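Undergrad: Take a look and give me a structure for this.
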Amino acid sequence: MTRQIHDRFLWNGESYCVVTFRGDSFYKPADFGLNVKGIMTACYKGYNACYYTKDKLLYVDTWIIYATEDCRYPEINGVKPETGWGDDWKFLSKEPKIKKVMDRGATYKNLGIRMKITADIIIGKGLLGGRQGLHFLAPGDYETTYELSFAEGVLVDAKDTSGTYDDWDYLKKNSDWNLV
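TA: Model prediction:
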């Protein structure tokens, strides 16, 4: 399997990867009427997101949607999508009789959707040496990690957990954590 593109989390003015979580699931484009489909092995779920906190509240900032089943991208939370996902690729249909450009996806920026979830989220940055080729990464693969705890979307605790994880052993011992 190909290494996955991680969701991002803006924390203390810096960008981190969302490594794992436990508790309520993150809000998904499907919750807002988008029938997202996966079109590449680097993103099994078909979209990526960026999250942030403001005044201790958790928000979705951006969704990059790689494709939908119906090529439809409605306005979400008052935000109209931008066509494409930041590349210049044009996916041509494999059917020779159909000479049309296929769905290039869309990007929703500045969504400002408040997520009222109860969850613990581990974020990380600075991959340790030798970890770049792994498919899914564990908390122990990062130099810097934080564990953020939310209750109904309100930040209730934030701990610097850098250096405290034993690679995949942590997830094996604590099986309630989910890969993102």
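Undergrad: Only C-alpha atoms from now on, for both contacts and neighbour counts.
TA: Noted.
Undergrad: Asp166 and Gly140: what is the separation?
TA: 5 Å (Cα to Cα, to the nearest Å).
Undergrad: the more surrounded of these two?
TA: Ranked by neighbour count (other Cα atoms under 10 Å), Asp166 and Gly140 place Gly140 first, with 24 against 14.
Undergrad: surely the more buried one meets Tyr165?
TA: Yes - the pair Gly140 / Tyr165 is scored as a contact, 4.7 Å apart, by Cα atoms under 8 Å.
Undergrad: Just give me the neighbour total for Gly163.
TA: For Gly163, the neighbour count with other Cα under 10 Å is 14.
Undergrad: Could you pull up phi and psi at it?
TA: phi 80, psi 10 (degrees, to the nearest 10).
Undergrad: Hmm, it is touching Glu143, no?
TA: Yes - using Cα under 8 Å, Gly163 makes contact with Glu143 at a distance of 6.8 Å.
Undergrad: residue contacts, the spatially most central residue of the chain?
TA: Taking Cα atoms, centre = their mean, the centroid of the chain lies closest to Asp7, which sits 2.5 Å from it. Listed by Cα atoms under 8 Å, 6 or more residues apart in numbering, the contact set of Asp7 reads Cys17, Val18, Asn48, Ala49, Cys50, Tyr51, Val180.
Undergrad: Need the per-residue pLDDT for the second one.
TA: So that's Val18. If you check Val18, the pLDDT there is 94.
Undergrad: separation between the nearest residue to it once chain neighbours are set aside and Asp55?
TA: Excluding the flanking residues, the one nearest Val18 by Cα to Cα, 6 or more residues apart in numbering is Ile123, at 4.6 Å. The gap separating Ile123 from Asp55 is 19 Å, by Cα to Cα.
Undergrad: what's the answer for Lys45, then?
TA: In terms of Cα to Cα, Lys45 sits 29 Å off from Asp55.
Undergrad: so Arg72 touches Leu34, yeah?
TA: Yes - if you go by Cα under 8 Å, Arg72 and Leu34 touch, sitting 7.5 Å apart.
Undergrad: Out of the two, name the residue with the larger neighbour count.
TA: Between Arg72 and Leu34, Leu34 has the larger neighbour count (other Cα under 10 Å), namely 19 against 15.
Undergrad: ok, the more buried one - contacts?
TA: Thr68, Arg72, Tyr73, Pro74.
Undergrad: try it again with 10 Å
TA: Lys28, Ile65, Ala67, Thr68, Glu69, Asp70, Cys71, Arg72, Tyr73, Pro74, Ile76 (Cα atoms under 10 Å, 6 or more residues apart in numbering).
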